[in-house]
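Trainee: Here you go, sequence then predicted model.
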Amino acid sequence: MYIDTSVAVKLYTREPDSEACEAVVAGASLAASELLYCELRSALLAKERLRMISAHAMARVWAAFEQSVAERRLHLVPLDGAIVHQAALVLSEVHPSVPLRTLDALHLATFMSIEAGPLFTRDKRMRQAALRLNLEVAG
């Protein structure tokens, strides 16, 4: 199963729908774009800045994430030129009905480049774009 940052944040921190996300991914092999490495860090730092988590909790969550990657429970797919070019095509394919952001297009292009099972996102625009592209969507 491919997860994006909107799901990863819910898996690594407590949010209102974290349990529902955990149920969807239970037992699945997980993959994500290597973008997740930076996007998750940014999301965690924002939570710390807003005092939603402590610096200690942020460090603990980050260590758990890095351990998941090291132990291959979460496979990060490297970005390359082919994915970047595919992302540009994705933007055009969903235009003008879905105002997709660049990083979301990169996630979708990464998903399209691998065999990972369904795409799991909590991002409404990404989900709309995935459905418009006839991609398999979980949750």
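Mentor: Here it is on my side, so go on.
Trainee: Give me the contacts around the one helix or strand residue 126 maps to.
Mentor: Here residue 126, judged by DSSP states H and E, is contained in helix 124-132. The contact list for helix 124-132 (Cβ atoms under 8 Å, 6 or more residues apart in numbering) reads 4, 6, 90, 93-94, 97-101, 104-105, 107-108, 111, 119, 121, 137. All C-beta atoms are positioned from the backbone trio N, CA, C, and that covers glycine.
Trainee: For ChimeraX, write a command that selects the buried ones of those residues.
Mentor: Buried members of the contacts of helix 124-132, defined by 16 or more other Cβ atoms under 10 Å, are picked up in ChimeraX with:
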select :4,6,90,94,98,100,104,105,107,108,111,119,121,137
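Trainee: Which of the contacts of helix 124-132 fall within strands?
Mentor: residue 119 (DSSP state E).
Trainee: gap between residue 128 and residue 4?
Mentor: Using Cβ to Cβ, to the nearest Å, one obtains 13 Å as the distance from residue 128 to residue 4.
Trainee: Spatially nearest residue to residue 21 (excluding sequence neighbours)?
Mentor: Spatial nearest neighbour of residue 21, excluding adjacent residues (Cβ to Cβ, 6 or more residues apart in numbering): residue 10 at 4.3 Å.
Trainee: Surely that neighbour is in a helix?
Mentor: Yes - looking at residue 10 with DSSP: H, G, I helix; E, B strand; the rest coil, it is inside a helix.
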